Each structure stands twice: as C-alpha cells, then as structure tokens.
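**Q** Provide a 3D model corresponding to the input given below.
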Amino acid sequence: VAFVICRSVEGLKTFIYLEELILDNNLLGNDLLLPRLPHLHTLTLNKNQISFQRNTCKILLDHLAEVVPSLQYLSLLGNIACPNELVCKEKDEDDYQRYRYFVLHKLTNLKFLDTRKVTRREREEALVRGAFMKVVKPK
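**A** Residues are numbered from 1 along each chain as shown. Next comes the predicted model:
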C-alpha cells in the first residue's frame, strides 16, 4: 500500500507491482494521469476534485480502464462526480444510481464502487444504458 499526499503522481511509475493505492484528499482532478499499473486492484480517490464537466470524467474513466486493467475496487466518494444527497440537497438516490451505471459502463471489471458491491442487475443495466447515464447539471 502506498500513501501519497501531493498533486503529482509521477513517481508511481516505479511501483509496477502496486496492488492498492489510496489518493484521498489530494486535490486531484479529472486531469489525473496514472502510469500503467497492471496489478492495481484497489483505488480510492475520495474527496478530490473529480467532476463530470465537459466530458472530462469520461476521459478519466477511459484512462483508468486502460492503465489499471485489474481494477476491481474504486471509490470516488466526496467528489462532485459522485452525487451524494447527504452533501448536496439537489441530488438523490436516482442521481447516484445513474452515476454508478455510467462508471460501471466504463469500468466493466469493478466488483465494488464506492462502498457498495456491484450487483448483476447493475452490471446488466450498465451494459445497456450506462453510456447515457452521465449525471450533468443544466446550464
């Protein structure tokens, strides 16, 4: 396990056998670029600055799918991209479920997203409708 407290993750490229990475509370945004970490199965990016602005979260999720192919556990709690009715009164459980479908559509190997196990029904729904489930704010 590596604990990093900074805005740059450049030094991680030497840890090719890394399996778990906690990057909580680091002001990281959608421009996060991880090196290829083929053995990484757990990644937490809680309380950073990841959002769904201008398709950049889609780019981040596509990047994660490419560089961490073994990823099974991901947590994005506390980011703008992760709707939470306890933090923002405009969000509800439906917003959170749409977010889950979108993330699962991009990261098909996930077994857990945030604190919840991925269900068979969610995986099926993500395959069918996940691409259309991005949660965005109207302008």
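
**Q** Regarding the chain, what is its longest helix?
**A** Longest helix in the chain, counting residues (DSSP state H): helix 93-106.

**Q** Tell me the pLDDT of residue 3.
**A** The confidence metric pLDDT takes the value 51 at residue 3.

**Q** Residue numbering should commence at 327 henceforth.
**A** Noted, 327 is the first residue going forward, which turns the last one into residue 329.

**Q** ok, back up a step: just checking, what packs against the longest helix of the chain?
**A** helix 382-393, strand 438-439, helix 446-455 (3 or more C-beta pairs under 8 Å, 6 or more residues apart in numbering; DSSP states H and E). In this view, the C-beta of every residue, glycine as well, is placed from N, C-alpha and C.

**Q** just checking, what packs against the second one?
**A** Which is strand 438-439. Using 3+ C-beta pairs under 8 Å, 6+ apart, strand 438-439 is in contact with strand 399-401, helix 419-432.

**Q** How about residues contacting that strand?
**A** 398-402, 426, 429-430, 444 (C-beta atoms under 8 Å, 6 or more residues apart in numbering).

**Q** what lines up beside it in the sheet?
**A** Strand pairing for strand 438-439, determined by DSSP bridges: strand 399-401 (parallel), strand 442-443 (antiparallel).

**Q** Can I get those strands in a markdown table including mean neighbour count?
**A** Below are the strands paired with strand 438-439 laid out as a markdown table (neighbours: other C-beta atoms under 10 Å):
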| stretch | mean neighbour count |
| --- | --- |
| strand 399-401 | 20 |
| strand 442-443 | 10 |
